[in-house]
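K.L.:
Fold the following, please.
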Amino acid sequence: MFYSEKALESFLAPYGIWAPLLFIVFQLVQVVFPIVPGGIGCLGGILIFGPIMGLLYNYIGICLGSIAAFLIAKKYGRSVITLLFKEKLREKYQNWVGHKKFPILFGIAIFMPIAPDDFLCYLAGTTKMSFNKFTAIILIGKPLPIAIYSFGLEFIFRNLVSFFT
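P.N.:
Below is the predicted model:
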């Protein structure tokens, strides 16, 4: 299914107008439960819906998922981070939590396409960062890394497919 846009389109065709909503929910869920690599969803969005709508659906789903992760961590604290993420990752960013410039560090990391965004959204929820500040950083900071990630993976995917066909 991931080797052909036609196959992806035919997979989603039965869902009609609900296909974008299902995809957005998929992106939201993959942030909240970081089991599936985010790149799969980003690539899927571009291949299924095209560059403009795919990027938009990626953005909406990932932003909603990021906000959900933040709110979950606000409610349940560090225990949810312990449950979902490996100790090595937690230890790497532990010193950020008490840092007075956490919002700046978080904002810079969110602009980077290779940062562990899902984890950082949960981590932000364990700090004193306000919901409004978090949401502003996510909404402003996410478009560029999502675009780089989505189009970069799409470029690699198309070149690999053309190499093997």
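K.L.:
where's the residue nearest in space to the middle of the chain, which helix or strand?
P.N.:
Geometric centre of the chain, nearest residue: I62, 4.2 Å, by C-alpha atoms, centre = their mean. Using DSSP states H and E, I62 sits within helix 51-76.
K.L.:
C-terminal to that helix, which secondary structure element comes first?
P.N.:
Using DSSP H and E, the first helix or strand after helix 51-76 is helix 78-84.
K.L.:
tell me which residues of that following helix are tucked away?
P.N.:
Neighbour-count burial for helix 78-84 flags V80, I81, L84 (criterion: 16 or more other C-beta atoms under 10 Å). C-beta here means a position set from N, CA and C on the backbone, and glycine is covered the same way.
K.L.:
coming back round to it: please identify which helix or strand holds the nearest residue to the residue nearest to the centre of the chain once chain neighbours are set aside.
P.N.:
Closest residue in space to I62, ignoring its immediate chain neighbours: Q27 at 5.4 Å, by C-beta to C-beta, 6 or more residues apart in numbering. For Q27, the element it lies in under DSSP H and E is helix 19-32.
K.L.:
thinking in terms of the whole chain, how far from its middle is that helix?
P.N.:
10 Å (C-alpha atoms, centre = their mean, to the nearest Å).
K.L.:
Need phi/psi at T126.
P.N.:
For T126, the backbone dihedrals (degrees, to the nearest 10) come out as phi -90, psi 0.
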